[in-house]
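Participant: Fold the stuff below for me.
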Amino acid sequence: GNPRRQLFRELLPGAQPLLNTLEVLAKDLDKSQSQIAINWCLCKDTVPIPGARTLQQARENIGAIGWKLDKNMVEELDRAALGLSKPMIQNVFQTK
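Facilitator: Numbering: from 1, shown residues only. So this is what the prediction gives:
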């Protein structure tokens with residue numbers, strides 16, 4: 001089968017608390033979940049490289065800049081991420 005599909009089948013159920021937090025913040029801020037996720041990365045002084053297959057996705061990604069999550073929101077996302085039952089695979093190119 002598709003290894004990527006299998007990976008997501010294994011990871012997504014354990015990521016539900018984080019996904020729920022992204023959903024709540026997205027609704028509160030009138031942003032998409034991907035915009036919240038990208039902005040969260042920016043707030044943590046990382047440089048996300050989001051993919052975009054369409055012009056609409058690229059525009060949505062751009063909507064993640066020009067504003068910042070507040071400290072409490074970043075902490076809420078951090079707590080949700082720390083509680084994941086199965087950690088995400090780390091990118092070998094990530095710096096610590």
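
Participant: how about the helices in the chain?
Facilitator: For the chain, applying DSSP state H gives helices covering 3-11, 16-29, 33-43, 55-62, 71-82.

Participant: Return the most buried member of those.
Facilitator: Ranked by mean neighbour count, the helices of the chain are led by helix 33-43 with a mean of 20 (mean count of other Cβ atoms under 10 Å). Quick note: C-beta positions are derived from backbone N, CA and C, even for glycine.

Participant: Just the C-alpha atoms of it, please, in PDB.
Facilitator: Provided in PDB are the C-alpha atoms of helix 33-43 (Å, rounded to 0.1, in the frame of the first residue of the first chain):
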ATOM      1  CA  GLN A  33      -6.400  25.200  10.800                       C
ATOM      2  CA  SER A  34      -3.400  25.300   8.500                       C
ATOM      3  CA  GLN A  35      -3.000  29.100   9.100                       C
ATOM      4  CA  ILE A  36      -3.000  28.500  12.800                       C
ATOM      5  CA  ALA A  37      -0.400  25.700  12.500                       C
ATOM      6  CA  ILE A  38       1.900  27.800  10.300                       C
ATOM      7  CA  ASN A  39       1.600  30.800  12.600                       C
ATOM      8  CA  TRP A  40       2.300  28.500  15.600                       C
ATOM      9  CA  CYS A  41       5.600  27.500  13.900                       C
ATOM     10  CA  LEU A  42       6.400  31.200  13.300                       C
ATOM     11  CA  CYS A  43       5.700  32.100  16.900                       C
END
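
Participant: okay, the helices of the chain in CSV with distance to Ile49 and mean pLDDT next?
Facilitator: Listed next are the helices of the chain as CSV, based on distance: least, Cβ to Cβ, whole Å; pLDDT from 0 to 100:
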stretch, distance to Ile49, mean pLDDT
helix 3-11, 17, 69
helix 16-29, 18, 94
helix 33-43, 10, 97
helix 55-62, 10, 96
helix 71-82, 19, 95
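
Participant: Please consider this matter closed, and thank you.
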